[in-house]
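kindly generate the corresponding structure for this input.
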Amino acid sequence: MAAEWTQVRDTRLRRMRAEGAGWPEIGLALAVSPDVARERARRIGAKRLLAEAVEPEDPELDDPARAPLPAGHPRAWGLLTAGTLLMDQAWPGYKLEYAA
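This next block holds a predicted model:
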């Protein structure tokens with residue numbers, strides 16, 4: 001059975017997405033699967049608001065002469081996955097000893 005989309009449900013989806021809620025949370029709140037919520041958001045143009053710019057926690061990360069970041073470093077992984085389905089997901093092989 002297809003989900004019935006009303007103005008109220010669309011508004012809730014837009015609000016939750018703008019506030020940064022993930023697809024599982026949105027799907028649960030709307031009683032649909034995360035995939036159905038994601039597809040509806042795409043159809044109605046519900047987008048996640050960009051986070052405000054923040055100062056880096058470690059100024060050495062902005063040094064162009066620094067050594068490369070290890071595979072799966074949260075900053076590098078975040079840049080690679082921004083705006084994708086993997087956004088806000090941890091890199092599968094990331095080791096805790098790399099965490100800063």
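
any chance of the backbone angles for Leu69?
phi -70, psi 150 (degrees, to the nearest 10).

contacts only, for it.
When contacts are counted by C-beta atoms under 8 Å, 6 or more residues apart in numbering, Leu69 touches Leu61, Arg75, Ala76. Bear in mind the C-beta positions are built from the backbone N, C-alpha and C, glycine included.

again, 6 Å this time
Contact analysis of Leu69 by C-beta atoms under 6 Å, 6 or more residues apart in numbering lists Ala76.

which segments of this structure make up each domain?
Residue ranges for the domains of the chain, per automatic domain parsing: 7-44, 59-98.

out of those, which is the most enclosed?
domain 7-44 (a mean of 15; mean count of other C-beta atoms under 10 Å).

run the chain-centre distance for that one.
Per C-alpha atoms, centre = their mean, to the nearest Å, the displacement of domain 7-44 from the mean C-alpha position of its chain is 13 Å.
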